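Trainee: Next come a sequence and a model predicted from it.
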Amino acid sequence: MMTDMNESELVPGERRELTMSYHDGRTRRVLVVDHEVAYPDGKLIVSRTDTQGVITHVNQAFVDMSGYDRDELIGEHHCILRHPDMPAAAFKDLWDTVGRGDKWQGYVKNLRKDGAHYWVFATAIPNVREGRVVGYTSVRRKPSRSKVNECIALYARMRAEELK
Amino acid sequence: MSENATTTPLELTVSPDFSPDHIAGWYVFNTWLQRRLGERIHLELYEDFAAQRKAITADKVDLIYANPHDAAMLVREKGFVAIAAPKDCPDEVVIAVPADSPAQSVEDLQPGLRLAVTRDPDVNLIGMILLESADLKRDNVETTPVSTYVVLARNLLQGKADCGFFLKEAFDDLSAPIRRQLRPLMTSQISLVRHVLLVGPRAAHLREPLQQLLLSMDDPASDGRRTLEALGLSGWEKQDQEDTEFMIDLMDTLMV
């Protein structure tokens, strides 16, 4: 069971409350505040998961930007960061692509523990050891603002289609 | 002494991005290694990345202190194994501009930027990633390759370039008067990318003894401490196979 978000930990601001459903049938109550946290200059946000998408490693930049403690992240499914404004099709494309053994790249709006969000340009690759995929590495970079603005419009259209 | 000692000496080389201040240090290190391992090792310092790459392709190199970009190739294509990495010495990149540049952040840099770079593949890779947030790519900047970081700094000071990529260590090693006329616009804080010492197939018998030797160099009782100082390092830490695979995966994510 994924932990619901806690109202007492939110950043100030008007909040939206939604229930998100994930690929494995789990649901989670999420609280969203329309507040963007700037990507830290010069850093890469790095994580690794097992083949099921369960987090096995995060770097300090990941911890800092997500707002969670490291212990809360390790063992949790990566979708703990999924923002409700992200279209499901983007993540399906990610998992289909890395599942084929290929590299995936895209712009992603991530949800923080405090309800705020941060945009990243993400690259995910399969970790191949002795010919076998043992997990995935994802590295996020600072995105360009013009690309983020394009994605805000694109993802809103995709979400509207998905909700029809 | 192994069989190799009576045949061709092994070749040790160093990524050409090492600081010129440490040339003598690598010779001291090589002498120390030969004495401690009882092996004949020839140190070859190549002038540039292209010359070193040619030697690697021709299978001349047996031991190498390599940057992460070359390490990935050496492990995947040449059967090298990374055994150690310098302690507290990640490869970070400084994007620098002349001190009087109007740019206050990377986002102030515009297409058409005149960019000076060395041929250091890691620094250039990370540098270009740091420029992505300004919508700058290889095809909308004017890149001038130069031979060394000192020449790069001179290009900036002479107004021949607007911006340059430095290995942080090389930027910090510039003389104070030159550094004062430059301004870091951004410094990477990646921590996970670093040089490693790798052992090739012909020197496979040295992996274990060499690793033990390197890891003990900073022991207070070791005669390796002065050698470390000459290299500008505080010590070595163990690099296992998974550490290397992780770094290669990380480099893979950046090479797009």
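Mentor: Structure received.
Trainee: distance of the closest residue to B:D59 other than its chain neighbours from B:M255?
Mentor: The shortest distance from B:D59 to any residue other than its chain neighbours is 7.5 Å, reached at B:K78 (Cβ to Cβ, 6 or more residues apart in numbering or on different chains). For every residue, glycine as well, the C-beta is placed using N, CA and C. Separation of B:K78 from B:M255 (Cβ to Cβ, to the nearest Å): 18 Å.
Trainee: A:A156 now?
Mentor: From A:A156 to B:M255 the distance is 32 Å (Cβ to Cβ).
Trainee: How about A:W95?
Mentor: For A:W95, the distance to B:M255 - Cβ to Cβ - is 22 Å.
Trainee: of B:K78 and B:M255, who's got more company?
Mentor: Each of B:K78 and B:M255 has its neighbours counted (other Cβ atoms under 10 Å in any protein chain shown); B:K78 has more, 16 against 13.
Trainee: residue ranges with poor pLDDT in chain A?
Mentor: A:1 (pLDDT under 70).
Trainee: Just give me the longest helix of it.
Mentor: Ranked by number of residues, the top helix in chain A under DSSP state H is helix A:145-163.
Trainee: same for that one, what does it pack against?
Mentor: helix A:88-99, strand A:104-111, strand A:117-129 (3 or more Cβ pairs under 8 Å, 6 or more residues apart in numbering or on different chains; DSSP states H and E).
Trainee: I'd like the ones you listed laid out as JSON lines, including mean neighbour count.
Mentor: JSON lines is the format used below for the helices and strands packed on helix A:145-163 (neighbours: other Cβ atoms under 10 Å in any protein chain shown):
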{"stretch": "helix A:88-99", "mean neighbour count": "16"}
{"stretch": "strand A:104-111", "mean neighbour count": "21"}
{"stretch": "strand A:117-129", "mean neighbour count": "21"}
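Trainee: Redo those as TSV? Include distance to chain B.
Mentor: As requested, the helices and strands packed on helix A:145-163 are exported to TSV (distance: least, Cβ to the nearest Cβ, whole Å):
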stretch	distance to chain B
helix A:88-99	11
strand A:104-111	6
strand A:117-129	4
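Trainee: Could you export those as JSON lines, including distance to B:S19?
Mentor: Formatted as JSON lines, the helices and strands packed on helix A:145-163 follow (distance: least, Cβ to Cβ, whole Å):
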{"stretch": "helix A:88-99", "distance to B:S19": "39"}
{"stretch": "strand A:104-111", "distance to B:S19": "34"}
{"stretch": "strand A:117-129", "distance to B:S19": "31"}
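Trainee: before we move on, back to that, which ones are touching the residue nearest to B:D59?
Mentor: Contact partners of B:K78, counting by Cβ atoms under 8 Å, 6 or more residues apart in numbering or on different chains, are B:56, B:59, B:200-201.
Trainee: Ok, A:R145 next?
Mentor: B:107, B:133.
Trainee: Please report the distance of it from B:I64.
Mentor: Taking Cβ to Cβ, one finds A:R145 at 41 Å from B:I64.
Trainee: just A:K147 next, same as before
Mentor: Counting by Cβ to Cβ - A:K147 and B:I64 are separated by 38 Å.
Trainee: In terms of packing, which of the two has more residues around it?
Mentor: B:I64 (27 against 15).
Trainee: Double-check the more buried one against B:P16; I have them as touching.
Mentor: No: counting by Cβ atoms under 8 Å, B:I64 stays clear of B:P16, with 11.1 Å between them.
Trainee: residue boundaries of the helices in chain B?
Mentor: B:23-37, B:49-57, B:68-78, B:121-131, B:149-157, B:168-173, B:176-180, B:207-215, B:225-231, B:241-254.
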